[in-house]
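> Predicted structure and sequence below. I'll ask about it afterward.
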Number of protein chains: 2
Amino acid sequence: MRIAVDGMGGDKGPGTVVMGAVDAVNQDSDLTVLLVGNQDILKAELAKLKYNPKQIEVHHAEEEVTMEDHPAVVVRQKRNSSLHVANRLVKSGDAIAVFTAGNTGAAMAVSLLILGRIPGIVRPALLIDFPSNSPSGYTSIIDVGANADCKPKMLAQFAVMGDMYARYIRGVENPRVGLLSLGEEDSKGNELIHETRELMKSLKLNYIGNVEGQDVVNGKAELVVCDGFTGNVILKFGTGLARLIVDAIKHELVNNGWMTKVAAGFMLPVIRKFFRRLDYQETGAAPLLGVAGISTIGHGKSNSKAIKNAIFQAKKFGISHINQHIEEALKQNGVAEL
Amino acid sequence: MRIAVDGMGGDKGPGTVVMGAVDAVNQDSDLTVLLVGNQDILKAELAKLKYNPKQIEVHHAEEEVTMEDHPAVVVRQKRNSSLHVANRLVKSGDAIAVFTAGNTGAAMAVSLLILGRIPGIVRPALLIDFPSNSPSGYTSIIDVGANADCKPKMLAQFAVMGDMYARYIRGVENPRVGLLSLGEEDSKGNELIHETRELMKSLKLNYIGNVEGQDVVNGKAELVVCDGFTGNVILKFGTGLARLIVDAIKHELVNNGWMTKVAAGFMLPVIRKFFRRLDYQETGAAPLLGVAGISTIGHGKSNSKAIKNAIFQAKKFGISHINQHIEEALKQNGVAEL
C-alpha cells in the first residue's frame, strides 16, 4: 500500500514528518511512503534514520505551503507545492492516499481541485472522531469546517458519507446517526434543520432524529451531522474546554495543601493520559470525505507518533474501498447529485 | 427590592424554590420575595421554615407550567399559570424582576408576551456566563437559544446588550467583544457572519473581531456573540463534555492501583469543587435580555442554593437599571429598530 505524505506540512517541520513515516514503514512491511517536498531536506532527515529503502521514496516538490497561506492563493499560485505534488500522486494512481499535517484550508482546496469529487457528491466534508461515551469510545462529527453554509442535500450526503466511515473505518455495525439541533423534538431547529428533516428521515440509515449538544459526547449517537460552521465551532470549543478543565484541575491539585500535592504526583500522569485520549489531534487525521481519492489531514501540532498513526489510518482507508461504498450509498439513498 | 419567583418552576419542586427564597430573605433584609403558585402548597412549605413574614408574600396562581409543555401552548392556554402571574407582577410594577427555574422556552415566550420588548429591540436573547480564563473567570455567551435564526442587526443588538451586561452586572470595565466564527480572519465565516461584520465594526464597543470556538474559554473575550442555534449547541456540548471529562478522570482515579486510589480520596473533592464552578447551572440564572422588565431563568435542576443566588442576581439586575442602559446604548450605537 503506497501512501503519499506531504513532507513539508506541520508545525514541527520535515524532521518530524520523516520520523513518523520511517516509524510507520518500520512497523509495517506492507507500507511504502512517498515523501513529498524539498528533496535535499527530506534526504538529509532520512539519512539520520534506519529503514528499508524500498519502503520510502522521495518525490521532489519545488514549493511548500505555509500555515499562513490563503487556500485560494495556494490553489492558484503554488502549483508545484508539496501538497499539489502529493495529491497528484494519488490522482495518477501512484499512491492510494495523501496525508498532510499542514494548512487545513489549503489541503481541502488542493485535494478538491486535483482529485475532484466522488460522482454525485455536492461538496466534500471534514470528519473528526470526538471522544464520547458511545460503546466505541468515539462519536464522529461531520462537517467540522469544510462548508460554512450548507444546503439540506449536503447534510444528507454528510450523513451517508459519515455512515460509511463509521461502518468501514470505525467498524460500527449499525451507526446511530443524529442531526445536531437545539432540541430533540421535530419542532426544534433553525431553518436549515427544518428544511433537512424529511430528507434525513428518508435515508436508509439508523437515523435517530435531532440530537443536542450534549449528545455529541454522551454516547447517544455514533455520528453527528451538522453544518461546517457549527461543527468547527464545537470542535475548537471542545478542545479549548478540555484544556481549560485539565489545567484547572492541575492547578487545584498543586494548590490545596501538601496532602493534595503529594496525591497530585500520582494523579497528573492519569490526567495527562486522559487528556491525550481527548486530544483527537494527537491520534491521527481527519478525512476529507467526498473527494475522489483518499485525503486525510492531521493537526499542525502532530508529532511523529501522530504522523505514524495517520499513515496507518490512511492505509485503512485504502483497504476499505470507502469511496466506492460512498458512491453506491449515495445512489441507494437517493441523494446522489445528478 | 421585590422579586417575583415562580414557586412551581424547577425539577425539584416547590419545596426547593421556597427554601431558596427563604434563605435569600434571611440573608438580605432589603429583599422581598413574591412567591407565585399554588398557595396551599407554597404556604405548607413556608410553614416548615423560619423567616421574617414581611419579606415573603404568596401570590396565588391556578395553573402551572410543566417541563414538557410547548411554549406556544403555554402562552395561549395557561394564562393563569404561575409563570404568567409572576411576569404580570413585574409588568404592574409590583416586582422589579421575575425568576423561574421552570421550562426555559415557556419562560422566554411568556416574558416576551407580557413584558414586551425594550424600545428598539428586534428580539430578546438569552445570555449565560461560561467559566473561562478571562480575568473575571467567565466569558458571557449571547444568544444561547432564544433565536435559532438570526439577522445581522439582531447579532449587533446582542453585542450591545451583552456589553451592558458585562459592564453593569459583571463589573467588567471595557469588555472585549468577539463574534463567534470559524477563523479569526475577516474572510472566515458563514453568510450571516459576513453580512454582520461591518455592522459589528461600526459599534462603539471594544470589538475584537472574529473569535473561534476555543476563545469562548481561553480568556480572549469577555463576551462572545453568536446566533442562538450555535450558542445553544456549544452550551449543551460544553456542559456534556465537562461531565464526560470529570467522570473519566474519576474513573481513572479509582482504577489505577491502590496508591492512585488513596490519592483519589484527596482529589475527588477538588475535582467536584471545580466541576461546580463549571456547571453554571448551579450558580445562578441566565437573563433574557431585551425584554422590558427583568426576566431571569434558572436551570431546571437548580437546588435551593442556586435559587437563592438567582434571587440575589435578580436584585443586582434591579439595582443596575440595565434596561435603561440598553435602551440608551442601542441608540448610541445606531442599532435601535425604528
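Alright, I've got the coordinates.
> May I have the phi/psi pair for A:D11?
phi -70, psi -30 (degrees, to the nearest 10).
> If you drop the residues flanking it in sequence, what lies closest to it?
Leaving aside its chain neighbours, A:D11 sits nearest to A:G300 (4.4 Å; criterion: Cβ to Cβ, 6 or more residues apart in numbering or on different chains). Any C-beta I mention is one placed from the backbone N, CA and C, and that applies to glycine too.
> residues contacting that neighbour?
By Cβ atoms under 8 Å, 6 or more residues apart in numbering or on different chains, A:G300 lies in contact with A:9-11, A:67, A:101-104.
> ditto for A:E64
By Cβ under 8 Å, 6+ apart, the neighbours of A:E64 are A:8-9, A:37-38, A:78, A:81-83.
> per-residue confidence at A:G293?
The score at A:G293 is 97. That number is its pLDDT.
> now the helices for chain A?
A:14-27, A:39-46, A:71-77, A:82-91, A:104-115, A:152-168, A:191-202, A:228-253, A:257-278, A:304-320, A:322-332 (DSSP state H).
> and those helices, which one is worst for confidence?
helix A:257-278 - the lowest mean pLDDT of the helices of chain A, at a mean of 68.
> picking up where we left off before, what about the residue nearest to A:D11? Give its phi and psi, please.
Phi and psi for A:G300, reported as degrees, to the nearest 10, are phi -60, psi -30.
> Look at A:Y280 and report its pLDDT.
On the pLDDT scale, A:Y280 gets 52.
> what number of residues lie near A:A24?
Neighbour count of A:A24, defined by other Cβ atoms under 10 Å in any protein chain shown: 25.
> could you list every residue that touches it?
Contacts for A:A24 (Cβ under 8 Å, 6+ apart) come out as A:31, A:33, A:307-308, A:311-312.
> Tell me how far it lies from chain B.
Taking Cβ to the nearest Cβ, to the nearest Å as the measure, A:A24 falls 29 Å from chain B.
> Look up how far A:I326 lies from that residue.
A:A24 sits 25 Å away from A:I326, going by Cβ to Cβ, to the nearest Å.
> do A:K50 as well
39 Å.
> out of those two, which sits in the busier spot?
A:I326 (25 against 7).
> thinking A:I41 is in contact with A:P14, fair?
Yes. Using Cβ atoms under 8 Å, A:I41 is in contact with A:P14, at 5.2 Å.
> between the two, what contacts are shared?
With Cβ under 8 Å, 6+ apart as the test, A:I41 and A:P14 both reach A:7-8.
> Who has more neighbours out of those two?
Between A:I41 and A:P14, A:P14 has the larger neighbour count (other Cβ under 10 Å), namely 22 against 17.
> I'd like to know how far the more buried one sits from chain B.
On the measure of Cβ to the nearest Cβ, A:P14 and chain B end up 26 Å apart.
> got the contact list for that residue?
Taking Cβ under 8 Å, 6+ apart, one finds A:7-8, A:37-38, A:41-42, A:45 in contact with A:P14.
> Of those residues, which pair is most distant in space?
Farthest pair in the contacts of A:P14 (Cβ to Cβ) is A:M8 and A:E45. Separation: 11.2 Å.
> okay, these two: which has more neighbours?
Remark: of A:M8 and A:E45, A:M8 carries more neighbours, 26 against 22, as counted by other Cβ under 10 Å.
> circling back to that earlier point, quick one, which of the contacts of A:E64 are buried?
Among the contacts of A:E64, those scoring as buried are A:8-9, A:37-38, A:78, A:81-83 (criterion: 16 or more other Cβ atoms under 10 Å in any protein chain shown).
> Same list (those) but as TSV, adding distance to B:G213.
Listed next are the buried ones among the contacts of A:E64 as TSV, based on distance: Cβ to Cβ, whole Å:
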residue	distance to B:G213
A:M8	27
A:G9	23
A:G37	31
A:N38	34
A:K78	28
A:S81	28
A:S82	29
A:L83	25
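> Go back to the residues you listed and keep what's next to chain B.
Among those, none lies close to chain B by the criterion of Cβ under 8 Å from any Cβ of the partner chain.
> Of those, which is the nearest to A:A286?
Of those, the one sitting nearest to A:A286 (Cβ to Cβ) turns out to be A:G9, at 13.5 Å.
> Look up how far chain B lies from the closest residue to that closest one other than its chain neighbours.
Nearest residue to A:G9, sequence neighbours excluded (Cβ to Cβ, 6+ apart): A:G102, at 2.6 Å. The spacing between A:G102 and chain B, counted by Cβ to the nearest Cβ, is 16 Å.
> from memory A:G102 sits against A:S81, does it?
No. With contact defined as Cβ under 8 Å, A:G102 does not count as touching A:S81 (9.1 Å).
> Identify the contacts common to the two.
In contact with both A:G102 and A:S81: A:8, A:65, using Cβ under 8 Å, 6+ apart.
> For the contacts of A:G300, which two are the farthest from each other?
A:D11 and A:T104 (12.2 Å).
> So these two - more neighbours on which side?
A:T104 (22 against 13).
> ok, that one - contacts?
A:126, A:145, A:297, A:300 are the contacts of A:T104 under Cβ under 8 Å, 6+ apart.
> Just give me the closest of those to A:R88.
A:I297 (16.9 Å).
> ok, the closest residue to chain B within the stretch 1-150 of chain A - how many residues close by?
The minimum distance from the stretch 1-150 of chain A to chain B, using Cβ to the nearest Cβ, falls at A:A148 (3.9 Å). A:A148 is flanked by 22 other residues according to other Cβ under 10 Å.
> so it sits right up against A:G231, yeah?
No. The pair A:A148 and A:G231 fails to qualify as a contact (Cβ under 8 Å) at a distance of 9.9 Å.
> and the stretch 51-200 of chain A, which residues reach chain B?
Proximity of the stretch 51-200 of chain A to chain B (Cβ under 8 Å from any Cβ) is limited to residues A:70, A:131-133, A:145, A:148-149, A:180-182, A:187-191, A:193.
> who touches the residue lying closest to A:R197 once chain neighbours are set aside in this structure?
Nearest residue to A:R197, sequence neighbours excluded (Cβ to Cβ, 6+ apart): A:D186, at 6.4 Å. A:D186 is in contact with A:197, A:209-210, counting by Cβ under 8 Å, 6+ apart.
> In ChimeraX, how would I select the buried members of these?
Buried residues within the contacts of A:D186, by 16+ other Cβ under 10 Å, are selected in ChimeraX with:
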select /A:197,210
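> nearest to A:A166, of the contacts of A:D186?
Within those, proximity to A:A166 (Cβ to Cβ) peaks at A:G209, which comes in at 17.1 Å.
> Now do that closest one, the pLDDT please.
At A:G209, the model reports a pLDDT of 97.
> on that earlier part again, among the contacts of A:E64, which are located in strands?
A:G37 (DSSP state E).
> so, if you compare the contacts of A:E64, which one comes nearest to A:V18?
Closest approach between the contacts of A:E64 and A:V18, by Cβ to Cβ: A:G37, at 9.2 Å.
> Can you tell me who the closest one pairs with across the strands?
Note on A:G37: beta-bridge partners A:H60, judged by DSSP bridges.
> In contact with it, which residues?
So A:G37 contacts A:6-8, A:14, A:60-61, A:64, A:82 (Cβ under 8 Å, 6+ apart).
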